[in-house]
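In: need coordinates for the below:
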Amino acid sequence: MMSLLKVPEPVEVINGDRYPQATKPPPNLEADKIQRNSLYLTFNAPQVDDYHRGIFLTNPPGEALADARYSGTLFHASYAPLADDPKTSTWTLEQRPVRDVTSSASLCLVFRLGALDTSVRSIEEQIARVSEVLGQVPLGRQDREQRLGPLKKGEGNPVLAGYDCIVWTKDAMSALEKAGLINMGGKTADELMAFVRALAGPPDAKSMVGVDFGGFKVVN
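Out: Numbering: from 1, shown residues only. Predicted structure coming up:
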C-alpha cells in the first residue's frame, strides 16, 4: 500500500530562518562588503524630501552573533514628540543596537568612513570613545549655532525647527575626525557629504520618494 505521508522538503537554515532549498534567498554579495570594526555613513531612501543620514559602527570580530558582519550600533538625529508632551517635538540622539543592518528596506547606501585602530587602544575603549564623541555633538538649531556657529544659508529644514539629520551627521563626522577616529582625506565634512550624496542618487531626492532602490550599495 502506498504511503500517504508527505516527504518533507529539504530546507536550509539561514540566520535562524528555514528556507526550502529551491526558494532560499540568493546571497547578498553587496552586504558581504561590509567590514567589521568600522564606521559607516548611512543613507536611507527619502520619505519626504531628502535622504535620512546617520553613522553606523559595525561590531568588531569575535562578537557572538550569527550576523556579526552586519550588526553594530546606529547613531542618528531623530525629531520626535516628547513622551510627556506629544504635541511638542524635539531633536534627540538615537543610539540603538542593530542586529542586521541589511534588513532595513529603506537603506540605499553605506559609505565607509574608516576603521577603529586597535593598535592605539583597546576596541572596548574606542567603541566607548565613539559613543562619547557622538553624544557631545549638538542637537537642534539653537544648540548647534550656540556651540559651533551659524548654519549656512539653505542648511536645516524649516519644517523641522530649522535643523535636520544632515546637519547633525556632518557635525558628527567633523567631531569624529577631530577625535582622531576617522580621516576624511583632507575634505571638509561638507565636501565629503556632497561627494557621498552624489553616489546615493539623482540631485532631486524627491524624485526618489517611494522608489524601490532594489537594495543598497556599499562603498569601502
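In: longest strand anywhere in the chain?
Out: Determined from DSSP state E, the single longest strand within the chain is strand 85-98.
In: neighbours of the residue lying closest to residue 219 once chain neighbours are set aside, how many?
Out: Distances taken as Cβ to Cβ, 6 or more residues apart in numbering place residue 111 nearest to residue 219, at 4.8 Å, with adjacent residues excluded. Where you see a C-beta, it was placed from the backbone N, CA and C, and this is true even at glycine. Neighbourhood size, residue 111 [other Cβ atoms under 10 Å]: 22.
In: is it true that residue 111 touches residue 38?
Out: No. The pair residue 111 and residue 38 fails to qualify as a contact (Cβ atoms under 8 Å) at a distance of 10.6 Å.
In: buried sites along the longest strand of the chain?
Out: For strand 85-98, a neighbour-count test (16 or more other Cβ atoms under 10 Å) marks 91, 93, 98 as buried.
In: in a markdown table: those residues, plus pLDDT and distance to residue 32.
Out: Listed next are these as a markdown table, based on pLDDT from 0 to 100; distance: Cβ to Cβ, whole Å:
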| residue | pLDDT | distance to residue 32 |
| --- | --- | --- |
| 91 | 95 | 35 |
| 93 | 96 | 30 |
| 98 | 90 | 17 |
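In: quick revisit: gap between the helix or strand just after the longest strand of the chain and the chain center?
Out: Downstream of strand 85-98, the next assigned helix or strand under DSSP states H and E is strand 107-115. With Cα atoms, centre = their mean, to the nearest Å as the basis, strand 107-115 stands 7 Å off its chain's centre.
In: could you do stretch 80-91 as well?
Out: 23 Å.
In: what's next to it, contact-wise?
Out: 77, 78, 79, 92, 139, 140, 161, 163, 168 (Cβ atoms under 8 Å, 6 or more residues apart in numbering).
In: this protein: strands as residue ranges?
Out: Under DSSP E, the chain gives strands at 11-14, 17-20, 38-44, 52-58, 72-82, 85-98, 107-115, 217-219.
In: so what's residue 172 up against?
Out: Here residue 172 is in contact with 55, 75, 133, 134, 137 (Cβ under 8 Å, 6+ apart).
In: nearest spatial neighbour of it, skipping sequence neighbours?
Out: Here the residue nearest residue 172, using Cβ to Cβ, 6+ apart, is residue 137, at 4.9 Å.
In: go on, residue 188?
Out: residue 174 (7.8 Å).
In: repeat for residue 136
Out: residue 175 (6.9 Å).
In: cool, and residue 117?
Out: Nearest residue to residue 117, sequence neighbours excluded (Cβ to Cβ, 6+ apart): residue 126, at 7.5 Å.
In: how near is the residue nearest to the spatial centre of the chain to residue 72?
Out: The chain has residue 42 as the residue nearest its centroid, 3.7 Å off, counting by Cα atoms, centre = their mean. Distance, residue 42 to residue 72, using Cβ to Cβ, to the nearest Å: 11 Å.
In: can you pull the residues that touch both of those two?
Out: 56, 101.
In: okay, now residue 214: neighbour count?
Out: By other Cβ under 10 Å, neighbour count at residue 214 equals 7.
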